[in-house]
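J.: generate a structure from the sequence data that follows.
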Amino acid sequence: MLVIKRRATLKSYLCNLISERTGGTSEVLRLQAVSVGVVVVEGEVTGRYLAMSRQGRLYGSQTLNDECYFLEKYEENHHNTYRSQKYGWYVGLKRNGRPKAGPLAHRGQKAVLFLPRPAGDV
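T.: You can find the predicted model right below:
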């Protein structure tokens, strides 16, 4: 089981997104490999999946659908990037922890770099 971290705001924002709660939460986000280089991100407690809409917005889906699959790539700087398999846009977060619109998030930006860690290291 892995937890995705990015400057502490990622876990907080994505957990809220997946669980549809406000405020802090301690939900663990689970990365599940579905095929080589393709993952889904699931909230362990709620069972909601991270998804990206046609407009490039992140949301928590109650069901696993084609918007929930992300291409995971290990970059040279030892971080991972996640790109929507359906739309090709990167998952990115701004400095304030809010999501960056998919069409505005590009490879090479700090906003799209994530560091997965084992759940015990949280």
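J.: which parts of the chain are strands?
T.: Along the chain, the segments classed as strands by DSSP state E run 2-5, 29-35, 38-43, 49-52, 58-61, 70-74, 80-84, 92-93, 99-100, 115-118.
J.: give the buried residues for the longest one.
T.: Read that as strand 29-35. 29, 30, 31 (16 or more other CB atoms under 10 Å). (C-beta placed from N, C-alpha, C; glycine too.)
J.: in TSV: the strands of the chain, plus distance to residue 109 and mean pLDDT.
T.: Listed next are those as TSV, based on distance: least, CB to CB, whole Å; pLDDT from 0 to 100:
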stretch	distance to residue 109	mean pLDDT
strand 2-5	17	49
strand 29-35	21	89
strand 38-43	19	91
strand 49-52	16	93
strand 58-61	16	90
strand 70-74	14	94
strand 80-84	10	93
strand 92-93	6	86
strand 99-100	8	86
strand 115-118	15	74
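J.: now render these as JSON lines, adding distance to residue 108.
T.: Output for these, formatted as JSON lines (distance: least, CB to CB, whole Å):
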{"stretch": "strand 2-5", "distance to residue 108": "19"}
{"stretch": "strand 29-35", "distance to residue 108": "22"}
{"stretch": "strand 38-43", "distance to residue 108": "21"}
{"stretch": "strand 49-52", "distance to residue 108": "19"}
{"stretch": "strand 58-61", "distance to residue 108": "20"}
{"stretch": "strand 70-74", "distance to residue 108": "12"}
{"stretch": "strand 80-84", "distance to residue 108": "9"}
{"stretch": "strand 92-93", "distance to residue 108": "11"}
{"stretch": "strand 99-100", "distance to residue 108": "13"}
{"stretch": "strand 115-118", "distance to residue 108": "16"}
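J.: closest to residue 107 out of those?
T.: Residue 107 lies closest to strand 80-84 among the strands of the chain, at 6.4 Å (CB to CB).
J.: which one of the buried residues of strand 29-35 is nearest to residue 58?
T.: Lowest distance from residue 58 to the buried residues of strand 29-35 (CB to CB) belongs to residue 29, with 12.4 Å.
J.: before we move on, the earlier item: turn the buried residues of strand 29-35 into CSV, columns for distance to residue 86.
T.: Formatted as CSV, those follow (distance: CB to CB, whole Å):
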residue, distance to residue 86
29, 20
30, 21
31, 18
